[in-house]
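S.K.: Model the structure of this input:
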Amino acid sequence: MERRQILAWCVVFGGLVLASRLPLAPGQLFSFDDVNFAYAIGDFDPRVSRPQPPGYPIFVLESRILYWLRFRRPESNLLALSLAASTAAVVALAWLGNRMLGGDAGLCAAWLLLFHHSFWYSGLTSAVRPHLAVISVVVAALCWRAWCGEKRAMYWGAAALGLGAGIRPELGPLLLPLWAVAAWRARAAWVERVKAVALMAGSVLVWLLPTMFESGGPRSYVQTCAEYLADQSALTSGLFGADDVRWQVTITWLMVWSLSGLLWALPTGLLSWQRTDGWGLGWGPVVFLGLWFTPLFVFAMLVHVADAGQVLGILPVVCLVGGHFVSRAARRLDGWLGREHALVAMLLPGLALSAVILFRTGWYHEGPPATGWRTVAHQIWKHVNSGLSLTSLTHILGIAWVDDKALGELGWLAQERPGQTVVLWERGRTSSRKAAYYFQSLPVVVLSPKTIRETETLAARFMRGPRTERMVEGPAPLRVPLPAGARLVWLVDPKTDFFVELQQTFALREADPLYYNDLPAESGEQRVGKYVFTW
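M.R.: Got it, this is the predicted structure:
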């Protein structure tokens, strides 16, 4: 009966995932990371961002398997992985919740997860992020079975945790406390627990050793990952150098992305309270959920969370609690409405709230200025709005529209000057990596600080497709050589000081959202901000 039920859930939830994601999914590689994964299908090397560290080797293996199965377009390949992972996470959560909390808690949690704005957004914009939810839920489901005394589940959980870390390595240590306590509670001898640990280590080595080999050895791989983590975390964490305001934004976004879609859980929580047993969770599930939730949440808060998809390991825990409240609240209304109608009545407001967050067009990044006692509240509300804006369909469509138009204009400009076009990127709205991917014959020059942390050293990275042909770096003013007579196509943000100086230096022509100018055939040089362009 259980297998038939799971199969039915796969059909129903798989159909809902297709219906809610497929029509809204961008037709292009959405992000810098997506381009890296597309390159990694053919050439794996985290040192040169194919893909970005830590390499996601199990995910890349999935992509290659789909490629062998004739999913040759990277856009279709990654979309298929996203749809499959989204379905698997929802079905696994339904099974776990019903088994752990009883009633329809898991089924309600699955509905809340399916249409949670962070999960929905991530399913449209990333193939790897929904895998965080899959790993988190599958490992937790196996740990719960071990928690309840099933020795075999301890082994399966060890293998799932080891292999799951091959998609997102930090999930390994963050879910390890949950597995360790579950293994301690399992009806197993110590020698069997040692064997399970050995199985976990073997599952890690299956992907870690090849990844290190492809990255130039253990030392090179560890150094690459450490530098990448420190560089990325410098944007979000005070522990890695982010200022207090930036850290406040990070914490606000974390709360918005993980909790805002479930505000309906508060009134259902009150309705589900009973004098006899409170919320009916019991100490076992409470401790289990705490061990699952706490390490993931603390890591996100203290180390790194810069995208809604990065909370998907946490989100199933929140949805389980919300699903339990909805299920209990619906049970109290059984006598008035009947079971099915009561569940619908309790679920619909929460699902509607998530849909409003995704489809609403009024979220903003920068609001009007405020003074006096309103300043603090204004800042918090601005951060909430910007977090919600970053999980909205408007955000997805805006990026896709700008990129489509930029790539289209770039194609026309390059066609007018074949072999004489150079693309220069400086904080442009379209990713330099995406321009280099879709126009692999064009040279793309990326102007930026050497790293996020080393802002005093500038770099000009000359790229052609996935290759970095050369790098010019040094303090300002950095001299950037260009070919005389070339057409320069600028991917820049018109709101920056760099663009203002660029306009004053070159006779720019607009090809919205791009700008371009043609260099003279005679040699010369011009300074723009911290760069001196020579030809």
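
S.K.: Quick check: what element follows the helix or strand containing residue 119 along the chain?
M.R.: Element membership of residue 119, judged by DSSP states H and E, is helix 117-125. For helix 117-125, the following helix or strand on the C-terminal side (DSSP H and E) is helix 129-147.

S.K.: Pull the distance from that next one to the chain's centre.
M.R.: 18 Å (CA atoms, centre = their mean, to the nearest Å).

S.K.: From the contact counts, what lies against that helix?
M.R.: Packing partners of helix 129-147 (3 or more CB pairs under 8 Å, 6 or more residues apart in numbering; DSSP states H and E): helix 74-101, helix 117-125, helix 151-164, helix 171-185, helix 283-302, helix 315-332. C-betas here are computed from N, CA, C, even on glycine.

S.K.: Next, the angle from it to helix 74-101.
M.R.: Interaxial angle of helix 129-147 relative to helix 74-101 (axes from the mean of the first three to the mean of the last three CA atoms, to 10 degrees): 30 degrees.

S.K.: Helix 283-302 and helix 129-147, what's the angle between them?
M.R.: Going by the same axes, to 10 degrees, helix 129-147 makes 150 degrees with helix 283-302.

S.K.: Could you figure out how far helix 129-147 is turned away from helix 315-332?
M.R.: Going by the same axes, to 10 degrees, helix 129-147 makes 70 degrees with helix 315-332.

S.K.: then helix 129-147 to CSV, C-alphas only?
M.R.: Extracted in CSV, the C-alpha atoms of helix 129-147 (Å, rounded to 0.1, in the frame of the first residue of the first chain):
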residue,chain,number,x,y,z
ARG,A,129,19.7,24.1,-5.4
PRO,A,130,16.7,21.8,-5.2
HIS,A,131,19.2,19.0,-4.6
LEU,A,132,19.9,20.6,-1.2
ALA,A,133,16.3,19.8,-0.3
VAL,A,134,16.5,16.3,-1.6
ILE,A,135,19.7,15.5,0.3
SER,A,136,18.4,17.1,3.5
VAL,A,137,15.1,15.2,3.4
VAL,A,138,16.4,11.8,2.3
VAL,A,139,19.2,11.8,4.9
ALA,A,140,16.7,12.9,7.6
ALA,A,141,14.2,10.2,6.5
LEU,A,142,16.8,7.5,6.8
CYS,A,143,18.0,9.0,10.1
TRP,A,144,14.5,8.9,11.5
ARG,A,145,14.2,5.2,10.7
ALA,A,146,17.5,4.6,12.5
TRP,A,147,16.3,6.9,15.3
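
S.K.: How far away from the center of its chain is stretch 294-310?
M.R.: Relative to the mean C-alpha coordinate of its chain, stretch 294-310 is positioned 11 Å out (CA atoms, centre = their mean).

S.K.: List the contacts of the residue nearest the centre of the chain.
M.R.: Nearest residue to the geometric centre of the chain (CA atoms, centre = their mean): residue 309, 3.4 Å. Shown in contact with residue 309 (CB atoms under 8 Å, 6 or more residues apart in numbering): 118, 121, 122, 125, 126, 128, 129, 130, 132.

S.K.: that older thread, which one of the helices and strands packed on helix 129-147 lies nearest to residue 34?
M.R.: Ranking those by proximity to residue 34 (CB to CB) places helix 74-101 first, at 6.1 Å.

S.K.: what angle separates the following helix or strand past the closest one from helix 74-101?
M.R.: Heading C-terminal from helix 74-101, the first helix or strand you meet, by DSSP H and E, is helix 105-114. Orientation of helix 105-114 against helix 74-101 (the same axes, to 10 degrees) gives an angle of 150 degrees.

S.K.: hmm, back to that, may I ask which of the contacts of residue 309 has the most neighbours?
M.R.: Neighbour tally across these (other CB atoms under 10 Å): the maximum, 31 neighbours, falls on residue 118.

S.K.: Which residues does the helix holding residue 119 contact?
M.R.: Residues external to helix 117-125 that are found in contact with it (CB under 8 Å, 6+ apart): 17, 20-21, 24-26, 30-31, 82-83, 86, 89, 113-114, 129-130, 133, 257-258, 260-261, 307-309, 311-312, 315, 354-355, 357-358, 388, 391-393, 396.

S.K.: Would you mind writing the CA trace of stretch 284-303 as CSV?
M.R.: Only the C-alpha atoms of stretch 284-303 are listed here, as CSV (Å, rounded to 0.1, in the frame of the first residue of the first chain):
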residue,chain,number,x,y,z
GLY,A,284,11.5,12.7,20.1
PRO,A,285,10.4,14.6,17.0
VAL,A,286,11.3,17.9,18.7
VAL,A,287,14.9,16.9,19.4
PHE,A,288,15.2,15.3,16.0
LEU,A,289,14.0,18.4,14.2
GLY,A,290,16.2,20.6,16.3
LEU,A,291,19.3,18.5,15.4
TRP,A,292,18.3,18.7,11.8
PHE,A,293,17.5,22.5,11.7
THR,A,294,20.1,24.1,14.0
PRO,A,295,23.5,23.3,12.3
LEU,A,296,22.1,24.3,8.9
PHE,A,297,20.5,27.5,10.2
VAL,A,298,23.6,28.6,12.2
PHE,A,299,25.9,27.9,9.2
ALA,A,300,23.7,30.1,6.9
MET,A,301,23.5,32.9,9.5
LEU,A,302,27.2,32.9,10.4
VAL,A,303,29.0,31.8,7.2
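
S.K.: Need the residues that contact that stretch.
M.R.: Residues outside stretch 284-303 that contact it (CB under 8 Å, 6+ apart): 100-101, 136, 140, 143-144, 147, 170, 173-175, 177-178, 181-182, 229, 233, 236-237, 239-240, 250-251, 254, 258, 310-311, 313-314, 317-318, 320-321.

S.K.: can you pull the buried residues of it?
M.R.: 285, 288-289, 291-293, 295-297, 299-303 (16 or more other CB atoms under 10 Å).

S.K.: ok, the residues you listed vs residue 107, which is closest?
M.R.: residue 285 (16.5 Å).
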